[in-house]
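Chemist: okay, predicted coordinates and the sequence, questions at the end:
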Amino acid sequence: MTTNRSPLRLVCAALALWPLSLQVRAGEVTASLEDGALVVRDGDDLFSRYHHDDTFTPFLYPLHGPGGIAVTRGFPMEELPGESGDHPHHRSLWFAHGAVNGHDFWHPAQTSIRHTGFELIGGDGAGSAVVTSRNEWRTKQGELICVERRTMRFGSTEAGRTIDFDIELGSDEHELVFGDTKEGTFAIRLAPGLRIEGALATGRSINSAGDEDGACWGKRAGWVAYRGEVSDRACTVAIFDHPENVSHPTWWHARTYGLFAANPFGVHDFERRPPGTGDRRVARGERMTFRYRVFLAAGEAEPPELTRAYERYLASPPVPRSPLAAAGEVELVRDGFLFTEGPAWSSGRSSLLFSDIPANRIYELDAAGEISVFREPSHYANGLLVDELGRLWACEHGGRRVSRGALDDADPKALAYEFGGARLNSPNDLALRGDGHLYFTDPPYGLLGKPSELGANHVFHRTPKGELEVVFRGGESSRPNGIRLSPRGDRLYVAFTDEGVVRRFPVAPDGTTGESEEFAKTSPGPDGMAVDRDGNLYVTAKAGVEVFSPGGERWGVIEVPQKPANCAFGGSDGRTLFITARKGLYRVRLGIPGLLH
């Protein structure tokens, strides 16, 4: 077996590469780039602005709760009546720490946290806006201390507004030490009305352990909330600490003058223990992740209500992760084939099966890395699938059918070969739900100029009882191609090569489908696809393997030396994406496991 490695080329700056709208709807909440800031709106109302071109750190300002209540201090961004001018590094809502490898990013006279780009501005498909940005933590002299990937999900419900943070820090060059100091870390500087002491103060604070006001400082708790009035309107601001965070439940740098911060490191200051007790080390190449929710509510929420809101946070789906964040290098496994297609992982054999259509063969890449002929003739098979029972399903161009049989079965059974008395065209790709509902595309590629008996190119659904029905009724020019199901089997994705789009169909529990909607535009020629466990969709097309979030926003592109035709997840942990591309078979390691069937 020959193995060639080349640097993985990932295109993650989707806004720069593809003509996306500056504003992407995510249900009621939207995110947009406007005048140097990222603006988030709840309907038509301003939610917040993410300032990413600041001199020392990105921050959110203003921060509006329900009804447009501004819950953070204006200084130093603007001067407002009754506000104090202390601590100019306190910028509304921000993330920093006072000791990272000995450098102070909390008081940034000699450091900066600089925005380097957006990976995603879009939605999660469930009504929330999602933004992923990249930052570099550097000294004033330019030394790179660490890199950060920050994902924020902005949501709005009847209970209030929320912002979920998933912040990942690490370095591929050296070890990181987050030092034991109270100066940090995930912080809000509250509006004067919400503080406990000082001009205009009406606030009270409480934590999940029942401590109140000044007694919250330096204590460990799952959450802390401040309640009071801003401009004569009652409101609540809370920070929720996720159980997966380091040192959960965290300590709180929660001051009576309005500073409000979750700090998992400051043991020396909070508990009067020896200096360095709270130090946390992150090995070179590893990452430390911080997860928080900011909860904004109208009225002064009582502890039971805050507890229920915290429980909702713990039960909510995680903030979307970039599927390309931990990607390895694209590796050529072997070339010299005629035209590769149909990759499918066999868990029982710990091997990959794939088609070479013109050669009339199915090949196998085994656990030892050897490639051999698995089946010949294959009836010019294209799309393949190995189900949980170890049976091989195949879309056969030569047989103009979908077949199924044991892996060692030389004469598999035909499951679908005609519709309405007319032979199928040339079944191309297929997707199988766990309860036996099968979906497949039927373009004319395998007819090789022969007339179509159907006179059209459809997408079909085969029920567990063997009944065939049309999901999408295409015309003579339609070219439905790759097809995949979402992780829950409630969405069906179909690539239309002729249109350069992927369409999404709702799928009911009984397997029936509804009207489709355009999910995403791709570069020319979308073909085979794969889905990971987070619901991200991987689409092969002219640009490479294009990766989309469940909401339809482009994460980026995995560029492949040859134009890819299909892809599938496999490997012992499900994190290897195998890519069939013209005469070659490639693979790349990814951070999120994929669906294997």
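Modeler: Sure, I can see it.

Chemist: all helices for the stretch 201-350 of the chain, in order.
Modeler: Per DSSP state H, counting those that start in this stretch, the stretch 201-350 of the chain carries helices over the ranges 267-271, 303-315.

Chemist: just give the number of residues close to Arg272.
Modeler: 9 (other C-beta atoms under 10 Å). C-beta here means a position set from N, CA and C on the backbone, and glycine is covered the same way.

Chemist: how far away is it from Gly528?
Modeler: 61 Å (C-beta to C-beta, to the nearest Å).

Chemist: now Arg491
Modeler: For Arg491 relative to Gly528 (C-beta to C-beta), the value is 17 Å.

Chemist: low pLDDT regions in this structure?
Modeler: For the chain, the stretches with pLDDT under 70 are 1-27.

Chemist: ends of stretch 402-415, how far apart?
Modeler: For stretch 402-415, the separation between the terminal residues is 6 Å (C-alpha to C-alpha, to the nearest Å).

Chemist: and if you look at stretch 137-147?
Modeler: 6 Å.

Chemist: ditto for stretch 198-212
Modeler: 17 Å.

Chemist: make 177 the starting number, not 1.
Modeler: Okay, using 177 as the starting number, the last item reads as stretch 374-388.

Chemist: buried ones in it?
Modeler: The neighbour-count check on stretch 374-388 (16 or more other C-beta atoms under 10 Å) flags 374, 376-379, 381-384, 387 as buried.

Chemist: kindly report the same for stretch 700-714.
Modeler: 701-708, 710-714.

Chemist: identify the farthest-apart pair in the residues you listed.
Modeler: Across those, no pair lies farther apart than Gly701 and Asp710, at 25.6 Å, counting by C-beta to C-beta.

Chemist: Gly293: which element?
Modeler: Assigned by DSSP states H and E, Gly293 falls within strand 287-299.

Chemist: could you check that strand and say which residues are buried?
Modeler: Residues of strand 287-299 classed as buried: 287-291, 294-299 (neighbour count, 16+ other C-beta under 10 Å).

Chemist: likewise for stretch 261-278?
Modeler: In stretch 261-278, counting by 16+ other C-beta under 10 Å, buried: 263, 265-277.

Chemist: and stretch 409-423, by the same measure?
Modeler: 410-418, 421, 423.

Chemist: with only the CA atoms kept, save it in PDB.
Modeler: What follows is stretch 409-423, C-alpha atoms only, in PDB (Å, rounded to 0.1, in the frame of the first residue of the first chain):
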ATOM      1  CA  ARG A 409     -37.400  48.100  35.400                       C
ATOM      2  CA  ALA A 410     -36.700  44.900  37.200                       C
ATOM      3  CA  CYS A 411     -34.400  42.400  35.700                       C
ATOM      4  CA  THR A 412     -32.100  39.400  36.400                       C
ATOM      5  CA  VAL A 413     -28.600  38.600  35.100                       C
ATOM      6  CA  ALA A 414     -27.100  35.100  35.900                       C
ATOM      7  CA  ILE A 415     -24.100  33.100  34.800                       C
ATOM      8  CA  PHE A 416     -24.300  29.300  34.800                       C
ATOM      9  CA  ASP A 417     -21.200  27.200  35.200                       C
ATOM     10  CA  HIS A 418     -21.300  23.900  33.200                       C
ATOM     11  CA  PRO A 419     -20.400  20.700  35.200                       C
ATOM     12  CA  GLU A 420     -17.800  19.800  32.600                       C
ATOM     13  CA  ASN A 421     -15.800  22.900  33.300                       C
ATOM     14  CA  VAL A 422     -12.500  22.600  35.200                       C
ATOM     15  CA  SER A 423     -13.000  23.000  39.000                       C
END
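
Chemist: which of the buried residues of stretch 700-714 fall in helices?
Modeler: Judged by DSSP state H, the buried residues of stretch 700-714 include no members of helices.

Chemist: kindly reformat those as CSV containing distance to Phe281.
Modeler: As requested, the buried residues of stretch 700-714 are exported to CSV (distance: C-beta to C-beta, whole Å):
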residue, distance to Phe281
Gly701, 46
Pro702, 43
Asp703, 46
Gly704, 45
Met705, 41
Ala706, 39
Val707, 38
Asp708, 33
Asp710, 30
Gly711, 34
Asn712, 32
Leu713, 37
Tyr714, 36
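
Chemist: wait, which of those residues is closest to Trp521?
Modeler: Nearest to Trp521 among the buried residues of stretch 700-714, with distances taken as C-beta to C-beta, is Ala706, at 10.2 Å.

Chemist: how much space between that closest one and Ser548?
Modeler: 24 Å.

Chemist: same check, this time on Gly770
Modeler: 24 Å.

Chemist: equivalent analysis for Ser554, please.
Modeler: Look at Ser554 and Ser548: by C-beta to C-beta, they are 14 Å apart.

Chemist: so which of these two has more stuff around it?
Modeler: Between Ser554 and Ser548, counted using other C-beta under 10 Å, Ser554 has the larger neighbour count: 24 against 9.

Chemist: give me the element the nearest residue to the more buried one once chain neighbours are set aside is part of.
Modeler: Of all residues not flanking Ser554 in the chain, Ile538 sits nearest, at 4.6 Å (C-beta to C-beta, 6 or more residues apart in numbering). Using DSSP H and E, Ile538 maps to strand 537-541.

Chemist: give me the helices and strands touching the helix or strand following that strand, please.
Modeler: Downstream of strand 537-541, the first helix or strand assigned by DSSP H and E is strand 547-551. Strand 547-551 sits against strand 537-541, with contacts defined as 3 or more C-beta pairs under 8 Å, 6 or more residues apart in numbering; DSSP states H and E.

Chemist: let's go with 10 Å and repeat that
Modeler: Contacts defined by 3 or more C-beta pairs under 10 Å, 6 or more residues apart in numbering; DSSP states H and E place strand 547-551 against strand 527-532, strand 537-541, strand 557-562, strand 567-572.

Chemist: my guess is Thr756 contacts Ala744, does it?
Modeler: Yes - under the criterion of C-beta atoms under 10 Å, Thr756 makes contact with Ala744 at 8.4 Å.

Chemist: got any residues that touch both of the two?
Modeler: With contacts defined as C-beta atoms under 10 Å, 6 or more residues apart in numbering, the residues shared by Thr756 and Ala744 are 518-519, 528, 530, 704.

Chemist: ok, which pair from the residues you listed is furthest apart?
Modeler: It's Leu528 and Gly704 that sit farthest apart of the shared contacts of Thr756 and Ala744, by C-beta to C-beta, at 13.9 Å.

Chemist: residues that sit against both of the two, list them.
Modeler: By C-beta under 10 Å, 6+ apart, Leu528 and Gly704 have these common neighbours: 519, 744, 756.

Chemist: of those, closest to Asp218?
Modeler: Ala744 (39.7 Å).

Chemist: my guess is the closest one contacts Val721. True?
Modeler: No - contact criterion C-beta under 10 Å: Ala744 and Val721 do not qualify, at 11.2 Å.

Chemist: who has more neighbours out of those two?
Modeler: Neighbours were tallied for Ala744 and for Val721 using other C-beta under 10 Å; the higher tally belongs to Ala744 (30 against 26).

Chemist: who touches the residue located most distally from the centre of the chain in this structure?
Modeler: Distance from the C-alpha centroid of the chain, by C-alpha atoms, centre = their mean, peaks at Gly597 (44.4 Å). Contact analysis of Gly597 by C-beta under 10 Å, 6+ apart lists Glu629.

Chemist: done for today, thanks.
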